[in-house]
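> Generate coordinates for the sequence data below:
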Amino acid sequence: MKFDKNKSYNEYLYHHTLLYGETNTKKTFYTAKFVQFLVESKFINPLDITILDFAPNMVTINDSKIGGRIEDFYANSKTCNNMYFEGEIIPPRLRSQNSKDLIENARSNYVKTHQILEEYHQKPTFILIINDISIYLHVGKLDYFLKTIQKARTFFGNSYCGTSISRNFASDFSLKEKIKVESLIEKIENSYSTD
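Numbers count the residues shown, from 1 in each chain. Okay, here's the model as predicted:
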């Protein structure tokens, strides 16, 4: 189903929602707007909103913006319960020269993202926001991810699901990612394409 940008964000409260699509289709932008809605329209205590931001820093490649964090689109998201990790997320396909680099970068990202998922799992909040879920799913287990988000009454997240980020040595990697994300789409209560 296509994401309706004119739909009231009220309708996503008390539900689990996933946005998915290609790069540069405003997945992070809409996720940030939901956080803004919670803070500024619903007056929810920002500390009741946990943000796990798995996205790499924004880069521009061939006039397309790739990556980007929630705070890039809503600066006040910094007042929420942001769970941070050491270091940065490495865009695995874009920063790898071969399949060995690709797997090492994906594993490095997994260690960081799994750690903060575990922290949330132990101390959940009423609302959970996750940006760029596919970064975790490259190596992470879908079942564990689903158990973790079940701890939130309201979940709103997004994931890359497309073909625009491709490298000839990453075809198997991209296929596995696609299968996991499509399985996630089927299992989340409300899933919407931003393409």
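> Can you read off the pLDDT for Lys65?
At Lys65, the model reports a pLDDT of 64.
> for the protein, which helix is longest?
Longest helix in the chain, counting residues (DSSP state H): helix 99-122.
> Which helix or strand contains Asp172?
Under the criterion of DSSP states H and E, Asp172 resides in helix 171-187.
> relative to helix 99-122, how tilted is that helix?
Interaxial angle, helix 171-187 versus helix 99-122 (axes from the mean of the first three to the mean of the last three CA atoms, to 10 degrees): 20 degrees.
> quick one: contacts of helix 171-187?
18, 20, 92-93, 99, 102-103, 106, 133-134, 137-138, 142, 145-146, 159-161, 163, 165-166, 191 (CB atoms under 8 Å, 6 or more residues apart in numbering). Every C-beta, even on glycine, is put in place using the N, C-alpha and C of the backbone.
> next SSE after the longest helix of the chain?
Following helix 99-122 toward the C-terminus (DSSP H and E): strand 127-131.
> counting contacts, what elements does the very next helix or strand once past that next one pack onto?
As assigned by DSSP H and E, the chain's next helix or strand after strand 127-131 is helix 134-137. Applying 3 or more CB pairs under 8 Å, 6 or more residues apart in numbering; DSSP states H and E, we find helix 134-137 packed against helix 99-122, strand 154-160, helix 171-187.
> Sweet, I'm off.
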